[in-house]
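**Q** Prediction below, plus the sequence it came from.
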Amino acid sequence: MHGRVKVKTTAQQEEEKRKEREKKLKIYVAARDACFSKRKEGVCDDEALQLTQQLLSSNPDFATLWNYRREILMHLETVKDRDEMQNIYEAELSFLEACLKVNPKSYGSWHHRGWVSARLPRPDWARELSLCDRCLSLDDRNFHCWDYRRMVVKVSGVPVDQELEFSDRLIGSNFSNYSSWHYRSTLLPLLHPQTPEAGQEPPHASSPRGPQSHRVCEEQLLKEYELVQNAFFTDPNDQSAWFYYRWLLGRAEREETVSCVYVSREDERVAVAFSRPVNICDLPPGTINDVANEHNLTVHWTGSHTHRDCALYTGRVESWCRDTATDQELFRSELSVEKTSVLQSELQSVKQLQELEPLNKWCLLTIILLMRALDPLGYEKETLAHFQTLKQVDSMRSEYYSDLCSKFMIENTILKMEYAEVRVFSITDRNLTSLCHLDQLLLVTHINLSSNRLQRLPPQFAMLQCLEVLEADNNFLENLEGVYHLPRLQEVSLKNNSILSCRCSFRAQISVSSGTPVLGIGSFCDLCSYLAAYK
Amino acid sequence: MAAEDLPSEFDVVILGTGLAESVVAAACSRVGQRVLHLDRRSYYAANWASFTFNALLTWIQEQQEGPQPEQGKDWSSLLNDGEELIHLSNPDLDSITNIQVVSYASEEDEEVPDTAKEETSANSQLEVESAGSREEKSAEEESAEAEGTNTKGEETEVDQSHPGASSGPSEPTRKKISYAQLVKEGRRFNIDLVSKLLFSRGSLVDLLIRSNVSRYTEFKNVTRILTYRHGNLQQVPCSRADVFASRQLSVVEKRKLMRFLTSCIEETEMDHAYSSQPYSKYLQDQQLGENLQHFLLHSIAMVTEDTPTEAGLASTRHFLRSLGRYGNSPFLFPVYGLGEIPQCFCRMSAVFGGIYCLRHSVSCLIVDRDANRCKAVIDSRGQRISCSHFVVEDGYLGSRSSVTTPTRLLSRAILITDSSVLPGDSEQQVSMVTIPPGEVCQSAVKMVELCSSTMTCMPGTYLVHLTCQSVGSAFEDLSQLVTKMFQTPESQEPGGRPTVLWSLYFNMADGSVPGVEGQGLPSNVHVCSGPEGSLDHEHSIKQAELIFQRILPEEEFCPPAPNPEDIIYDGESPTPSAEEDSGKEAGQQEESGGDLNPQLDE
């Protein structure tokens, strides 16, 4: 048509592009082969530097070429002087900047940049920081850049308060940023550490505090609570803020200690429970061989310079010494040593959010955690109700919530048991799906887990070294790994379960279903064949 | 320039270079129509134009002097049998009224200009060495980063090349900018006659992208939305980041606002329940605090108390959809002013063969009496040019349009001030301010404050545009607000408010008044209205698209322009450089004021 601009057709354009690509590929393959053969021959010349540069600028994720480049640069270091190397490395940095434009998330480029920066005779850290800032302004969640930036900050000694301001700025522009929140969590303890007298001393006075506390002083904490509340009130579905909030409310992990020592004369056994998993050794032979004497036992744990004494007096058959869950508020450990008033007001504000967003899972979960920290037994009913809602609104994770709820129910039962000063642990008809805190049950002689939803008695069940009677009727138990190593077990009741297999026989009085003949102590039976007969 | 005859035949003749006319020109040229695009004025973009300070002074003078009398020539000799004439008039006759200029800047510098100049440059050198300059620079970088669209780095270059002039605001003892300085730095101003913004997801942005006209222009994000309430300016939290950072809102308000903003994107049953009730009632029933209702009604939906719920929700959604596309606010502003946009479309038309003449008008139309179609036009030089369609800015129809429709007016004020209405972390803020009706003025006032990085005012100054529907004259409507929000000699109590250096008030015809279609005009004459009072450009773009569809119902409206490398050039076609040149020439014209610029057209 008259006057109309003629434009190439799509087919023409495609064809041109295809040819262009083919040409490029040929050049690329040739250069790559040249590089490989040069490297094989151990050549470290300028041409190799040129070739790798060409290839890497179009494909910065070619790790082998970065390695080759480093070999060449290290070789150059041996033949060139400091100023020449400065120039070479500076050129390398500008080349890397171009590579980062091709792929801002290239592992190879960022790693190489870190390597070059560290070897640069006169590094310009300000420039590196501004590069990171530019990069983060384009993508504030580029974790490669965050990593590199942390390295630069560390080496160049940027003051912590400046970094906190930096994190303020990034959170201000977009708070859905794990990197930013996490960075805060590393900066705050350095900038506003908890003052020793203000903080509650950790319960284990025997172990000194680590040189670096992970806690933050209360004044700053209150500011952080406010900041993060602004975030989750603005967008309650953003999990990054909730996770940071949990970190703020949380406290350090339990230190490694001997939490319980149990001595049994008749079995010649000492059972030691640790607060954290440890590698163990055998009891030296002949420690408790004397039938009547008094034994004063001290368990030293060199790993964390801790020890615990336990005396077995004359005439006693057993003895123990332990931390109690009630004294140590062990089960509140996930949330906070903070003052109750602070937690109480946090609970109020999260409840306020829950009124606005009754179905928000993060909100519900946080309420549960706060209630646990404040008063696990007092809030038991409310907690259970919130778990019900949680399972409905977040059905994808309902099993997780069931396990978590089981954990809390077990904790509460342990507390009740300790208050009652008994060695009987009974938790029935509570929809338990998993067992935990078994280390706390070392001294239990009777356990009743009937009418729950348990599928297994895990290997850790062997921690119940004093267990004599086990009832677990009306569950979904399929395997019984955990009961094989219980030296004092006398009675087992597993009515109405779905046990599939049992690979070894064991010595106990077993009742599998009603009307089953009771096997006397000491008699052996092959459970499998036994079960087969009653299925 | 020598009077050259134009070709005597075109497909489309367009008179007036306002936004709608320019879009039609680009759309027609793009699909191969032969377009002649004329404007009686010596500048592009009609009432959409942007002027340097000095050009604005000239424009004011012209407007006040009134139009040159037209000599009524007799063109009947050019008529054939069965043809009759429709005479056109001067578009400037009554579109601009009540011009009033108030200058507050001292006429001359207080010191001898030469020494003053030396002093400023000395100060700025000192500043470069001081620590403070680093902060200033980073703020500048930030604002550059905040831009959503392509930055060519031009503006920073310009800034740095004139360090002496830009040092004003950061000096501790600020020197008043004199009128002489405004005139001297006049070229740094690009003062728009209309004040509008682009919604990031509005039809103009879509069109710019779709047609590739966006190549010719660049934009800045409006950085904040402010509102005037109880005599105070407040920042309106509209994005997620704003809500998070806001110090005025309680956490509960934050939640309520965010919930409302996210939920109202989707239509719900509840919306229909309010279909006959005002939006303000709807907002009240959403359990939003008074604060939030104000933000939503006046700053986000930008509607009035009695706007129906449906319309209110539609505007709210439009606002929210635009949010976050290019930054933390839903608006874009073209660097170098709004007058750039019609010119960009003209440039596109010129690239595709459109012929451009300024200071060149159409005296009358020749109409075929039986067919009631416009066969040809007679230009201001008496040449008969035949065309299949004629597109015209409504101003040229003069009395024809205003007889039947009551004229509605917009009140405009343009201020040059020395500081921002709400000083923030960065000096380079582009602020959109809503002043609800009844707060100071009778009607709702929209205010846009532009900083120097938008290339519309000299460094150290801000350009403030105020727009509202007229009740009285512009001065009557707006001067009270100016006195309240800014420091003028009339201001009662002195305070840290920005000082007005210079101000201009005028009324402009409101283009949203229903057009003059079908008022005895031939069916192939299409009328474009001038700028209207809304903040966006929807009206003109829609109008342009409708006109294009009437002219060429089968053709696509503004398909993407091909990339230069995909254009096939053979012997007859323009060479690549010629194509580039023609684009440039269209741009150069406005500076040289060239009368006639015949394009390469085969």
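**A** In hand now; what should we look at? Numbers count the residues shown, from 1 in each chain, chains lettered A, B, ... in the order given.

**Q** Please count neighbours and contacts with C-alpha atoms only from this point.
**A** OK.

**Q** Which residue ranges make up the domains of chain A?
**A** According to the TED database, chain A comprises the domains A:19-177+A:188-192, A:258-322, A:424-534.

**Q** Close to chain A: what parts of the stretch 101-250 of chain B are there?
**A** B:Glu145, B:Arg240, B:Ala241, B:Val243, B:Phe244, B:Ala245 (Cα under 8 Å from any Cα of the partner chain).

**Q** Show me the shaky parts of chain A.
**A** A:1-5, A:195-214, A:251-255, A:280-293, A:302-304, A:324-339, A:500-535 (pLDDT under 70).

**Q** Do you have the strands of it handy? List them.
**A** For chain A, the strands defined by DSSP state E cover A:258-264, A:269-274, A:295-301, A:306-312, A:318-322, A:424-426, A:446-448, A:469-471, A:491-493, A:506-507, A:509-511, A:524-525.

**Q** Compare these and give me the one nearest B:Thr262.
**A** B:Thr262 lies closest to strand A:424-426 among those, at 48.4 Å (Cα to Cα).

**Q** which helices and strands does that closest one pack with?
**A** For strand A:424-426, the elements it packs on are helix A:398-420, strand A:446-448, judged by 3 or more Cα pairs under 8 Å, 6 or more residues apart in numbering or on different chains; DSSP states H and E.

**Q** tell me the SS of B:Cys468?
**A** strand (DSSP: H, G, I helix; E, B strand; the rest coil).

**Q** got the contact list for it?
**A** For B:Cys468, the contact set (Cα atoms under 8 Å, 6 or more residues apart in numbering or on different chains) comprises B:Leu410, B:Ser411, B:Arg412, B:Ser443, B:Ala444, B:Val445, B:Lys446, B:Gly533.

**Q** Among those residues, which one has the most neighbours?
**A** Neighbour tally across the contacts of B:Cys468 (other Cα atoms under 10 Å in any protein chain shown): the maximum, 29 neighbours, falls on B:Arg412.

**Q** ok, and the closest non-adjacent residue to whichever residue of the stretch 251-400 of chain A sits closest to chain B?
**A** The nearest approach of the stretch 251-400 of chain A to chain B comes at A:Leu353, 7.3 Å away (Cα to the nearest Cα). Closest residue in space to A:Leu353, ignoring its immediate chain neighbours: A:Phe233 at 6.8 Å, by Cα to Cα, 6 or more residues apart in numbering or on different chains.

**Q** burial count for that neighbour?
**A** Count around A:Phe233 with other Cα under 10 Å applied: 30.

**Q** How about B:Ile435?
**A** Neighbourhood size, B:Ile435 [other Cα under 10 Å]: 25.

**Q** For B:Thr227, see how far away it is.
**A** Counting by Cα to Cα, to the nearest Å, the separation of B:Ile435 from B:Thr227 is 6 Å.

**Q** Identify the contacts common to these two.
**A** Joint contacts of B:Ile435 and B:Thr227 (Cα under 8 Å, 6+ apart) are B:His298.

**Q** Can I get stretch B:220-228 in PDB? Just the C-alpha atoms.
**A** What follows is stretch B:220-228, C-alpha atoms only, in PDB (Å, rounded to 0.1, in the frame of the first residue of the first chain):
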ATOM      1  CA  LYS B 220       9.400  10.100  36.700                       C
ATOM      2  CA  ASN B 221       7.300   8.500  39.400                       C
ATOM      3  CA  VAL B 222       5.200  10.700  41.500                       C
ATOM      4  CA  THR B 223       6.900  10.000  44.800                       C
ATOM      5  CA  ARG B 224       4.100  10.700  47.300                       C
ATOM      6  CA  ILE B 225       0.500  11.400  47.600                       C
ATOM      7  CA  LEU B 226      -0.500  14.100  50.100                       C
ATOM      8  CA  THR B 227      -3.700  15.400  51.400                       C
ATOM      9  CA  TYR B 228      -4.700  18.700  53.000                       C
END
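
**Q** what sits up against that stretch?
**A** Residues outside stretch B:220-228 that contact it (Cα under 8 Å, 6+ apart): B:146-149, B:233-238, B:295, B:298-299, B:326-335, B:429-436, B:439, B:454.

**Q** rewinding a little: contacting residues for the residue of the stretch 251-400 of chain A closest to chain B?
**A** A:Phe233, A:Cys363, B:Val252, B:Arg255.

**Q** Can you tell me the element B:Asn54 falls in?
**A** Secondary structure from DSSP states H and E places B:Asn54 in helix B:53-65.

**Q** now that helix: mean pLDDT?
**A** Taken as a whole, helix B:53-65 carries a mean pLDDT of 92.

**Q** Likewise for stretch B:230-245?
**A** pLDDT averaged over stretch B:230-245 gives 89.

**Q** May I have that stretch exported as PDB, CA atoms only?
**A** Output of stretch B:230-245 as PDB, limited to C-alpha atoms (Å, rounded to 0.1, in the frame of the first residue of the first chain):
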ATOM      1  CA  HIS B 230      -7.700  20.400  59.000                       C
ATOM      2  CA  GLY B 231      -5.100  22.900  57.700                       C
ATOM      3  CA  ASN B 232      -2.300  20.300  57.700                       C
ATOM      4  CA  LEU B 233      -0.600  18.300  55.000                       C
ATOM      5  CA  GLN B 234      -0.500  14.600  55.500                       C
ATOM      6  CA  GLN B 235       1.100  11.800  53.500                       C
ATOM      7  CA  VAL B 236      -1.500   9.300  52.300                       C
ATOM      8  CA  PRO B 237      -0.300   5.800  52.800                       C
ATOM      9  CA  CYS B 238      -1.400   3.900  49.700                       C
ATOM     10  CA  SER B 239       1.200   1.300  49.000                       C
ATOM     11  CA  ARG B 240       2.100  -1.600  51.300                       C
ATOM     12  CA  ALA B 241       5.500   0.100  52.100                       C
ATOM     13  CA  ASP B 242       3.700   3.400  52.900                       C
ATOM     14  CA  VAL B 243       1.200   1.700  55.200                       C
ATOM     15  CA  PHE B 244       4.000  -0.100  57.000                       C
ATOM     16  CA  ALA B 245       6.100   3.000  57.400                       C
END
